[in-house]
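K.L.:
below are the sequence and a predicted model; questions follow.
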Amino acid sequence: MAWQVWINIGKVLSPFVTARMAERVREKTDLYIDRKRNEFVSHARTEADRFAAEQMLLIEAKVDAKIDEIERRFDALIEKEIRAKLRILILTLAAVILMSLFSLGYLYLKRRMGL
């Protein structure tokens, strides 16, 4: 008979005990899930930052290479332009010297002829 009393007490208390036990399990599960989620988010942020930094380095390297290429092209164009202008200056100087020689020759002939 005493065991039936204990069974009846167990039947009466079991919903409260199981509810409390389920609540404790739910709390521990929620804490575990929150902790794991925070760890995952932290790890994901770290990996995303690392990936972004690597991509920025790659982009910077590509941009630097392009800038170097553009500078080389500009240097070549500038050098070509300077050469062309120097040729023009040399030809102009030669033409001026030639005209000066013709003018001096003309003046010499004019003076020799008495004009």
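P.N.:
All right, it came through fine. Because the structure is predicted, anything quoted here is derived from the model rather than measured. Residues are numbered from 1 along each chain as shown.
K.L.:
in the protein, which spans are helices?
P.N.:
Assigned by DSSP state H, the helices in the chain fall at 2-113.
K.L.:
tell me where the model's unsure across it.
P.N.:
For the chain, applying pLDDT under 70 flags the ranges 1-20, 22.
K.L.:
rerun that using 90 as the cut-off
P.N.:
Along the chain, segments meeting pLDDT under 90 span 1-30, 32, 112-115.
K.L.:
residue 109: how many residues sit nearby?
P.N.:
10 (other C-beta atoms under 10 Å). Any C-beta I mention is one placed from the backbone N, CA and C, and that applies to glycine too.
K.L.:
mind listing what it touches?
P.N.:
In this structure, residue 109 makes contact with no residue, judged by C-beta atoms under 8 Å, 6 or more residues apart in numbering.
K.L.:
how close does it sit to residue 101?
P.N.:
With distances taken as C-beta to C-beta, to the nearest Å, residue 109 is found 12 Å from residue 101.
K.L.:
now residue 55
P.N.:
Using C-beta to C-beta, residue 55 is found at 69 Å from residue 101.
K.L.:
and what of residue 60?
P.N.:
60 Å.
K.L.:
next one: residue 83
P.N.:
Taking C-beta to C-beta, one finds residue 83 at 27 Å from residue 101.
K.L.:
same question, residue 84
P.N.:
26 Å.
K.L.:
now residue 77
P.N.:
36 Å.
K.L.:
check residue 67 too.
P.N.:
50 Å.
K.L.:
can you check residue 90 too?
P.N.:
Counting by C-beta to C-beta, the gap from residue 90 to residue 101 is 16 Å.
K.L.:
over to residue 49?
P.N.:
In terms of C-beta to C-beta, residue 49 sits 76 Å off from residue 101.
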